[in-house]
Structure formats: C-alpha cells, structure tokens
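Colleague: please find the sequence and the predicted model below.
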Amino acid sequence: MSFTVNTSIPTGRFAPSPSGRMHLGNIFTALISWLSVRKAGGRWILRIEDLDPQRSKLEFARQIEDDLHWLGLDWDEGGIDGLGDRGPYCQSLRNDIYQHFFDKLRSAGLTYKCHCTRADIMATQAPHESDGRIVYSGRCRPAAAPPFPQCASEQTGATRLFVPDRDIDFVDRVYGPQSVNLTTHCGDFVLQRADRAWAYQLAVVVDDALMGVSEVIRGNDLLLSSAQQIYIYELIGHTPPAYAHLPLVCNAAGQRLSKRDSSMSMAHLRLTLSPREIIGRIAHMAHIIDKYEPCSPSDLIDSFDWSKIPQSKTIVIH
Ligand code: GLU
C-alpha cells in the first residue's frame with residue numbers, strides 16, 4: 001500500500017461518531033472547525049467515525065449530514081457517499097488501511113497482546129489516578145525491552161502499543177503549551193480491542209494523516225489524548241496537525257451536554273429554532289459576536305478569530 005498526502009491546503013475535519021443525534025456541543029465544534037478553514041480558504045472534511053459496530057448506526061450518520069446541511073455547514077470531501085479521492089470516509093470501511101499501519105507497529109516489535117479484564121486493569125491501576133482516566137499498569141507487557149517478539153497465530157486478546165516513559169510537548173491553539181507524560185497519562189494503550197475493533201487512537205491518526213488534515217479541532221476532553229496521537233504520528237512517520245481544543249458546552253445546571261440531553265439535541269432545537277438562531281446563539285456563546293443576532297455560518301467568517309475563543313474549561317449555553 002502506498003499513500004500520498006497533499007498538505008499544502010489548510011484542511012480541517014469534523015469527525016462525529018454516529019451514535020445518536022448531535023447536540024449543541026457537537027455543532028459548536030463543527031462550526032468553529034468550519035470557520036477556521038473557511039477563513040483560511042481551506043477545505044473541510046466530514047468523516048464518519050463509526051468504529052464501534054454496537055453503537056454506530058447509518059440512520060444517525062444520515063441525520064448528522066441532514067443537520068449540517070440544514071445549518072449551512074457544507075463539506076468539500078467525505079460524508080456517507082464518500083465525496084473525494086481519499087476515502088472511504090466512513091471508518092467502518094477502512095479496515096485494510098488500519099491493518100496496514102497496525103502491522104507496521106507490530107513488525108517494529110512495539111505491540112503486545114493483553115488479556116487483562118477491566119477488573120484486572122482497575123485493580124492494578126496506579127493509586128493516584130483518580131480523575132476517571134484508566135492508566136494501564138503494563139501487567140501483560142513482556143519483561144524484556146522492545147522489540148517484543150510477535151506471535152502471528154495468537155488471535156485472542158487486545159493489542160497494546162508500548163509507550164516510553166517520555167513527555168510529549170505540543171502547543172494547543174486555545175490552551176497553550178502542553179506537556180504530557182505518556183506513562184502517567186495512559187500507559188501502554190490499546191490499538192485493537194479483543195473483539196477486533198480498531199481503537200479510536202489508531203484510526204484517528206491514520207485517517208487524519210492520510211486525509212491531509214492540518215488542523216484538528218474538537219472538545220477539550222480529548223486535549224491530553226493528543227499526546228498519544230502525536231506519539232503514533234512519530235511512529236508512522238507523519239507530521240502531526242495543529243491542535244485546537246474547545247471548551248465543553250454545559251447546560252444551565254453546569255452539566256456537560258450529552259447525547260441524552262434532549263433539550264439541546266438537534267431533534268428538539270430544529271423544532272423550536274431556525275438555523276440562523278442556532279448559529280447566532282453558538283457564535284454569541286463563543287464570543288465570536290458581541291451581541292446575539294441570528295446569522296448564517298458564512299456571515300461569521302470575517303469576524304471569526306481564534307483569539308476570541310474562551311480559554312475556560314467549559315462554557316454555558318442558555
Ligand atoms: N469521533 C469523536 C467524537 O465524536 C471525535 C474525535 C476527534 O475529533 O478526534 O467525539
């Protein structure tokens with residue numbers, strides 16, 4: 001397999017998981033990513049992240065496309081029908097591509113099989129990790145340093161990627177310089193789950209790299225996982241994109257929006273507001289405009305500036 005990547009055009013992407021109807025937080029991410037590339041004269045890709053066969057549904061992907069169209073957020077490449085020549089743009093159709101990069105990491109002796117259950121992982125976690133992150137202790141890691149011997153016939157278990165005890169430094173466009181130690185942040189992490197599903201960390205890097213994505217914009221819940229992704233970029237020999245993470249959108253009660261928040265779901269919003277009212281509300285919440293007024297995404301291109309995006313962890317939508 002050979003891949004060529006044209007990175008000369010600023011390229012952004014929106015990469016929703018089709019596991020439910022989008023909410024206002026998802027639209028916030030889509031809008032900012034869209035504005036950033038439209039302002040730079042770049043292109044915008046819609047990638048459907050349907051890796052999880054249990055949770056992903058084509059019906060939800062169709063609704064995502066319909067909601068984006070309705071809001072005036074157009075994409076140049078991607079979507080379910082796979083517009084463009086770097087597809088397929090649905091992750092469920094990219095199995096051979098992930099396999100190719102996975103095999104590279106495996107041949108380099110950087111992976112090993114893990115048979116830990118969730119209970120094993122929880123029981124061997126470092127005691128100081130109390131913020132909900134799961135840090136793998138390395139219980140199944142071979143005793144000798146990599147390259148690890150690989151057993152091609154071993155079909156069971158998850159496959160983990162070795163991480164060195166090393167800091168990854170990067171600059172986030174919103175939150176500034178970051179330094180993340182891979183061992184204390186995550187430990188050796190999964191590339192392929194025991195049920196053969198590809199892990200998000202591998203798929204997102206391979207896709208962004210091969211689709212020529214130059215800027216990744218998403219919620220700040222994924223800020224630190226950028227370090228894992230930069231590490232994979234290094235291993236596969238591609239240049240990482242610029243990262244910009246956004247405050248998480250919360251409801252008036254201060255809770256982060258989720259797909260279960262029906263009042264902020266597109267299903268509900270489309271019944272009560274026009275597309276221009278939704279875009280205006282988000283633009284006002286994100287400080288792109290000083291005073292609320294209904295507007296279209298294109299109306300905001302001139303006033304969009306990264307320095308206006310709040311650096312707080314969350315922002316509240318009313
Ligand atoms: N598929 C992820 C989500 O819907 C997005 C991941 C990313 O933007 O890197 O949360």
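Modeller: Structure received.
Colleague: phi, psi for the closest residue to the ligand within the stretch 201-318 of the chain please.
Modeller: The stretch 201-318 of the chain approaches the ligand most closely through Arg218 (3.6 Å), counting by C-beta to the nearest ligand atom. Placement of C-beta: from N, CA and C, glycine included. The phi/psi pair for Arg218 (degrees, to the nearest 10) reads phi -160, psi 180.
Colleague: repeat for Glu277
Modeller: Note on Glu277: its backbone torsions stand at phi -70, psi -40 [degrees, to the nearest 10].
Colleague: find the residue closest to it in space, skipping its chain neighbours.
Modeller: Spatially, and ignoring its direct neighbours in sequence, Glu277 is nearest to Pro294 (4.9 Å; C-beta to C-beta, 6 or more residues apart in numbering).
Colleague: SS state for the one you found?
Modeller: With DSSP: H, G, I helix; E, B strand; the rest coil as the basis, Pro294 sits in coil.
Colleague: residues in contact with it?
Modeller: Listed by C-beta atoms under 8 Å, 6 or more residues apart in numbering, the contact set of Pro294 reads Ser274, Arg276, Glu277, Ile279, Gly280.
Colleague: pull the number of nearby residues for the closest residue to Gly87 other than its chain neighbours.
Modeller: Setting aside the residues directly before and after it, Gly87 is nearest to Gly78 in space (C-beta to C-beta, 6+ apart), at 7.2 Å. When neighbours are counted by other C-beta atoms under 10 Å, Gly78 registers 25.
Colleague: quick one: Gly78 from Arg118, how far?
Modeller: Applying C-beta to C-beta, to the nearest Å, the value for Gly78 to Arg118 is 34 Å.
Colleague: what sits against the nearest residue to Ile80 once chain neighbours are set aside?
Modeller: Nearest non-adjacent residue to Ile80, counting by C-beta to C-beta, 6+ apart: Ala61, 5.4 Å away. Applying C-beta under 8 Å, 6+ apart to Ala61 gives the contacts Pro18, Ile48, Asp50, Ile80, Cys90.
Colleague: just the buried residues from these, in ChimeraX please.
Modeller: To isolate the buried ones among the contacts of Ala61 in ChimeraX, judged by 16 or more other C-beta atoms under 10 Å, type:
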select :18,48,50,80,90
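Colleague: can I get the contacts of Ala61 in a markdown table with secondary structure, distance to the ligand and pLDDT?
Modeller: As requested, the contacts of Ala61 are arranged in a markdown table below (DSSP: H, G, I helix; E, B strand; the rest coil; distance: C-beta to the nearest ligand atom, whole Å; pLDDT from 0 to 100):
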| residue | secondary structure | distance to the ligand | pLDDT |
| --- | --- | --- | --- |
| Pro18 | coil | 9 | 97 |
| Ile48 | strand | 9 | 98 |
| Asp50 | coil | 9 | 97 |
| Ile80 | coil | 15 | 97 |
| Cys90 | strand | 12 | 98 |
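Colleague: what sits up against the helix or strand bottoming out on mean pLDDT in the chain?
Modeller: Ranked by mean pLDDT, DSSP states H and E, the weakest helix or strand in the chain is helix 118-123, scoring a mean of 81. Under the contact criterion C-beta under 8 Å, 6+ apart, helix 118-123 has outside partners Ile134, Tyr136, Ser137, Arg139.
Colleague: so the second one sits right up against Phe189, yeah?
Modeller: Same thing as Tyr136. Yes: between Tyr136 and Phe189 a contact is recorded at 6.7 Å, counting by C-beta atoms under 8 Å.
Colleague: name the residues contacting each of those two.
Modeller: By C-beta under 8 Å, 6+ apart, the residues touching both Tyr136 and Phe189 are Arg160.
Colleague: relative to the ligand, how far out is the residue nearest to Arg218 when sequence neighbours are not counted?
Modeller: Nearest non-adjacent residue to Arg218, counting by C-beta to C-beta, 6+ apart: Thr29, 5.7 Å away. Distance, Thr29 to the ligand, using C-beta to the nearest ligand atom, to the nearest Å: 7 Å.
Colleague: next, the contact list for Thr29, please.
Modeller: Phe14, Ile217, Arg218, Gly219, Leu246.
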